[in-house]
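**Q** For reference, the sequence and a predicted model appear below.
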Amino acid sequence: MNIVIDWLAFLQVFLAALIGAAAIVTFYALGLRLLVRSGRAPVVSPAEFTDAITVITEKELRRAEKQAAKAAKKSPLSEGQKTTALVGAYACFALCAAAVVAGILMLVIGH
């Protein structure tokens, strides 16, 4: 029994996975950045788990919401620029979702 490994194909798959992962992470980070620039900073409410710690307290949540609202008011961007940033953020998130769905479809349907 002789096993032959196609190293060129292995390298192609490795590079495709590396580039794909980097692209998804980059677009997600850019989407979050644009979301914050548009004045819609994502504030996460406290999450409590059984036999675990609370991620943030209610007081910290209120403080974070106040800081986000204050930062949104201080933004030097015009309303048009904020809208453009929001559209860009949604576009980045859509690209991330499309890349993930395309990867799943390639695994399930294609070769």
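**A** In hand now; what should we look at?
**Q** need the helices for the chain, in chain order.
**A** 7-37, 58-74, 79-108 (DSSP state H).
**Q** What is the distance between the first one and the centre of its chain?
**A** Put plainly, it is helix 7-37. Per CA atoms, centre = their mean, to the nearest Å, the displacement of helix 7-37 from the mean C-alpha position of its chain is 11 Å.
**Q** Check which helices and strands it is in contact with.
**A** helix 79-108 (3 or more CB pairs under 8 Å, 6 or more residues apart in numbering; DSSP states H and E). For glycine as for every other residue, the C-beta is placed from the backbone atoms N, C-alpha and C.
**Q** Next, count neighbours for residue 87.
**A** Using other CB atoms under 10 Å, residue 87 has 12 other residues around it.
**Q** between the least confident helix or strand in the chain by mean pLDDT and helix 79-108, how many degrees?
**A** Lowest on mean pLDDT, DSSP states H and E among the helices and strands of the chain sits helix 58-74, with a mean of 81. Helix 58-74 runs at 120 degrees relative to helix 79-108, counting by axes from the mean of the first three to the mean of the last three CA atoms, to 10 degrees.
**Q** Least confident of the helices of the chain, on average?
**A** Across the helices of the chain, helix 58-74 has the smallest mean pLDDT, namely a mean of 81.
**Q** Okay, angle between that helix and helix 7-37 too, please.
**A** 80 degrees.
**Q** Extract the CA atoms of helix 58-74 and return them as PDB.
**A** Provided in PDB are the C-alpha atoms of helix 58-74 (Å, rounded to 0.1, in the frame of the first residue of the first chain):
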ATOM      1  CA  GLU A  58     -26.500  46.300  35.100                       C
ATOM      2  CA  LYS A  59     -24.600  49.400  36.300                       C
ATOM      3  CA  GLU A  60     -21.800  48.800  33.800                       C
ATOM      4  CA  LEU A  61     -24.400  48.300  31.100                       C
ATOM      5  CA  ARG A  62     -26.100  51.600  31.800                       C
ATOM      6  CA  ARG A  63     -22.700  53.300  31.900                       C
ATOM      7  CA  ALA A  64     -21.700  51.800  28.600                       C
ATOM      8  CA  GLU A  65     -25.000  52.900  27.000                       C
ATOM      9  CA  LYS A  66     -24.500  56.400  28.300                       C
ATOM     10  CA  GLN A  67     -21.000  56.500  26.900                       C
ATOM     11  CA  ALA A  68     -22.200  55.200  23.500                       C
ATOM     12  CA  ALA A  69     -24.900  57.800  23.400                       C
ATOM     13  CA  LYS A  70     -22.500  60.600  24.400                       C
ATOM     14  CA  ALA A  71     -20.000  59.400  21.800                       C
ATOM     15  CA  ALA A  72     -22.700  59.400  19.100                       C
ATOM     16  CA  LYS A  73     -23.600  63.000  19.900                       C
ATOM     17  CA  LYS A  74     -20.000  64.100  19.700                       C
END
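**Q** Nothing else from me, thank you.
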